[in-house]
Each structure stands twice: as C-alpha cells, then as structure tokens.
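A.B. asks: got a predicted structure here, sequence first:
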Amino acid sequence: MTTRAEIIVKGVVQGVGFRWYVRRTAMRHDLTGYVKNLPDGNVYCEVEGDESMINAFISELKAGPPLSHVTEAIVNKLPGFIGYKNFEITF
C-alpha cells in the first residue's frame, strides 16, 4: 500500500552526514521525497512509497550513520500524495 509520511529525527543528526545517509537509505527502499536540516538541530524528511518500505526506512533512520546518535524519530502519516519524482536533499 502506497503512503506518505513525515519524520522528524532528533538527537545528534546535523554535521554527521545524516541527510546523505537518509537519501541513500530512501533510494535503496525506492522511496521519494526530501530531507532537510531544521533550525532547532533536528532533521525533517517527507517520504512517499510502499508502507512496508517506509517502515523499514524508519528503522534504519533510528540507527543512523556511525557519527550520529538518534534519540527519537517522530512519524506522522500524511494525507494525499505529492508525486515526488526522486529523493532530494534540500536546504
């Protein structure tokens, strides 16, 4: 089932290659959307794709790359679809 979700990742997630990790992970799971740093030090991402792939993606985000330390991942399902064509890092 195709779905759309937003994820806010908290912890040590900026300055450690986290957005690049998110992009690689999303692409491996055939997800589309984007990721960006938030001014409060967290990372925000929005994804569209198969629900099971999104769940696997979220599990990997909670682990993060080696220099990160994820303390929390807040997930909200979103209504409708944007129709993203790929997965981007935005600024």
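C.D. replies: Received, thanks.
A.B. asks: drop to CA atoms for contacts and neighbour counts, all remaining ones
C.D. replies: Noted.
A.B. asks: partners of the residue nearest the centre of the chain in the sheet?
C.D. replies: The C-alpha lying nearest the average C-alpha coordinate of the chain belongs to Cys45 (C-alpha atoms, centre = their mean; 4.1 Å). In this entry, Cys45 is beta-bridged to Ile7, Val35, by DSSP bridges.
A.B. asks: right, and it touches Arg4 too?
C.D. replies: No - Cys45 is beyond contact range of Arg4, at 10.7 Å (criterion: C-alpha atoms under 8 Å).
A.B. asks: and the residue nearest to Glu60 when sequence neighbours are not counted, how far from Thr32?
C.D. replies: Spatial nearest neighbour of Glu60, excluding adjacent residues (C-alpha to C-alpha, 6 or more residues apart in numbering): Thr25 at 7.5 Å. According to C-alpha to C-alpha, to the nearest Å, Thr25 stands 11 Å off from Thr32.
A.B. asks: then Glu72?
C.D. replies: Applying C-alpha to C-alpha to Glu72 and Thr32 gives a distance of 22 Å.
A.B. asks: neighbour-wise, which of the two wins?
C.D. replies: Thr32 (20 against 14; other C-alpha atoms under 10 Å).
A.B. asks: mind listing what that one touches?
C.D. replies: Applying C-alpha atoms under 8 Å, 6 or more residues apart in numbering, we find Thr32 in contact with 26, 47-49, 84-88.
A.B. asks: tally up the residues packed near the residue nearest to Glu60, please.
C.D. replies: What Thr25 shows, counting by other C-alpha under 10 Å, is a neighbour count of 19.
A.B. asks: and Asn42, by the same measure?
C.D. replies: Neighbour tally, Asn42, other C-alpha under 10 Å: 18.
A.B. asks: same deal with Gly80?
C.D. replies: Gly80: 10 surrounding residues under other C-alpha under 10 Å.
A.B. asks: which residues does it contact?
C.D. replies: Arg4.
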